[in-house]
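**Q** Model the following, please.
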Amino acid sequence: MKSHKILVVDDVPRNIQILGNILSKEGYQVAYAHNGEQALSIVSYQSFDLILLDIMMPGKDGYEICEILKGNEGTRETPIIFLTARVDMESIIKGFEVGGQDYITKPFNTSELLARVRTHIQLQEQKKSLFELNQSLEMKVNERTQQLEDAYKRLGILEKTKTDFLAIISHELRTPLNGITGLTTLLNQTELTKEQKEYLTYLEAVSNRLARFSDIALLITSLKVNNYEPDLMPTAVKFLSEMAVEQFTESHKDIKLDVEIQNVKEDILIAADADLIRKSLELLMENVVKYAGEDCQILLRTQSNNHLVSIECIDNGPGFNPQSLKYIFELFSTGDIIHEEGSGLSLAAIKLIMDFHNGKIQVNNSKEGGAIVTLSFPKI
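**A** Okay, here's the model as predicted:
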C-alpha cells in the first residue's frame, strides 16, 4: 500500500511533534519545515500528497507561502490545509481565496485532523486518477483520429484511382469503338450476303451498346469528380424538352417512336446545366426504347406549382420490377429482371445530375401500365 507523504509547516516545535506523532501512527510519511522559506526549499526537490501549513509564522506567513505554492507548476495541485488559531470568518475566507482547500483550528482534535487529512488525500488521488484517465482517453482519441485520417487519405487515393481507372477505361473503349463504327458504315456500303448483313447488324448493335455504356461511364466519372462545377443558368423547360426530343429522334431514325411534349409553357424556367438536363431526358427516352419494344410511346409532361417544376417521362413499356425500385439509383446494380444491362446505370447518372441541380428523381409504375420517371427542380 502506498505511504502518502505529508509536509508539516509550523514554527512551533510542540505543534510539529504532536502532528508528527498523530500522522506517523496512521502510516503517513511526514516531513517538517519550521518556516515558509524552508518549506519552499523542501518542495523544490520533493513532492507531497498534502501540506499542513501554519498561518502565523515569522517572515512570510502562511497566506504568502500558499500563494507561492499555488503559483508554482510543481505544487499547484497539491492540497493545502491551513493550521490556525484564528476562527474569525475574515481569516477563513482569506485562506480559501489564496488557494487553501481546508483549515484546522488549534488546539488539534485528533479525529477531526485525521478525517480531514484522509478526505483531501483521497480527493487528490481521485483527481490524479481522473487526470490520468483523461490523458489516456485523449491519447486513444488522438490515435483513433490519426487512424481515421490515414484511412480517409487511403480512401481518397483509392477513390481517385477508381475514378482515373474508369476514365481511362471509358476513353480506351471509345477509341476502338470509333474504328468499329467507321468500318461497319463502310461495310454497309458494300455487297454483302444475307448472312453477312445479319452479322453486321449484330455487330452494329453490340458496338452501339458499348458506345452507350462508354458515354454513361464517362458522364458518371465526370460527375463523381469533386471539382466538377455545373453551369446553372435560367433555362426554358420547353427548349430543353424540344432539344432532347430532336436530338434523340435524329439519332434513332430506324425506330418507330412517338414522342409527345405536353403542358410546356414558354415562361417556365429552371436553373439548369442545359447539356446535362438534355442528356438526362435522352437517357430516359433511350431506356424506354430499349424496353418498350418497337412501338414505343413517350409523353414528356411538365407540371408547375409555386415551388417546383417537374418533368414527367411517361412510357408504355413493361414498367419496373417493384423490388428494384428500392435501389434503382445504385451504381452498377439494377436488381431488375426486366430492366437489366444498363438501365440502372443510366438512372444512377441521372440521379447524380439531379443532385447537382438540388433536384430529385422519382421512379414509379403507372396503374395503366408503363413507368413514370419524374425530374423535379426548384422553381426560380
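**Q** Report how many residues lie close to L155.
**A** Neighbour count for L155, taken as other CB atoms under 10 Å: 10. To be clear about C-beta, it is placed using only N, CA and C from the backbone, and glycine gets the same treatment.
**Q** helix/strand/coil for it?
**A** helix (DSSP: H, G, I helix; E, B strand; the rest coil).
**Q** And the pLDDT at it?
**A** If you check L155, the pLDDT there is 82.
**Q** same question, I337
**A** 34.
**Q** For the remainder of this discussion, apply numbering that starts at 12.
**A** Got it, first residue is 12 now, which makes that one I348.
**Q** what residue ranges in this structure score low on pLDDT?
**A** Residue ranges of the chain with pLDDT under 70: 12-13, 174, 177-178, 180-185, 235-240, 304-305, 337-338, 340-355.
**Q** can you tell me which residue is nearest the centre of it?
**A** Nearest to the geometric centre of the chain sits Y163, at 10.4 Å (CA atoms, centre = their mean).
**Q** quick one: that one from L169, how far?
**A** Counting by CB to CB, to the nearest Å, the gap from Y163 to L169 is 11 Å.
**Q** Equivalent analysis for V217, please.
**A** 32 Å.
**Q** can you pull out the helices in the stretch 262-391 of the chain?
**A** In the stretch 262-391 of the chain, the helices defined using DSSP state H, counting those that start in this stretch lie at 285-303, 354-367.
**Q** tell me what the longest one is packed against?
**A** Counting by 3 or more CB pairs under 8 Å, 6 or more residues apart in numbering; DSSP states H and E, the packing neighbours recorded for helix 285-303 are helix 205-235, strand 244-247, helix 248-262, strand 307-315, strand 319-326, helix 354-367, strand 382-389.
**Q** now the fourth one against helix 285-303, angle please.
**A** Between strand 307-315 and helix 285-303, the angle comes out at 140 degrees (axes from the mean of the first three to the mean of the last three CA atoms, to 10 degrees).
**Q** for strand 307-315, the distance to its chain's centre please.
**A** Relative to its chain's centre, strand 307-315 lies at 39 Å (CA atoms, centre = their mean, to the nearest Å).
**Q** what does the longest one give?
**A** Shown here is helix 205-235, whose average C-alpha point lies 38 Å from the average C-alpha point of the whole chain (CA atoms, centre = their mean).
**Q** Remind me what that helix packs against, helices and strands.
**A** Looks like helix 205-235 contacts helix 121-199, helix 285-303, helix 354-367 (3+ CB pairs under 8 Å, 6+ apart).
**Q** List the buried residues of it.
**A** The neighbour-count check on helix 205-235 (16 or more other CB atoms under 10 Å) flags 211, 215, 218, 221-235 as buried.
**Q** Kindly report the same for the shortest one.
**A** Within strand 244-247, the residues that qualify as buried are T246, A247, counting by 16+ other CB under 10 Å.
**Q** who touches it?
**A** Strand 244-247 has contacts (CB atoms under 8 Å, 6 or more residues apart in numbering) with E277, D278, I279, L280, I281, A282, A283, D284, A285, I288, I391.
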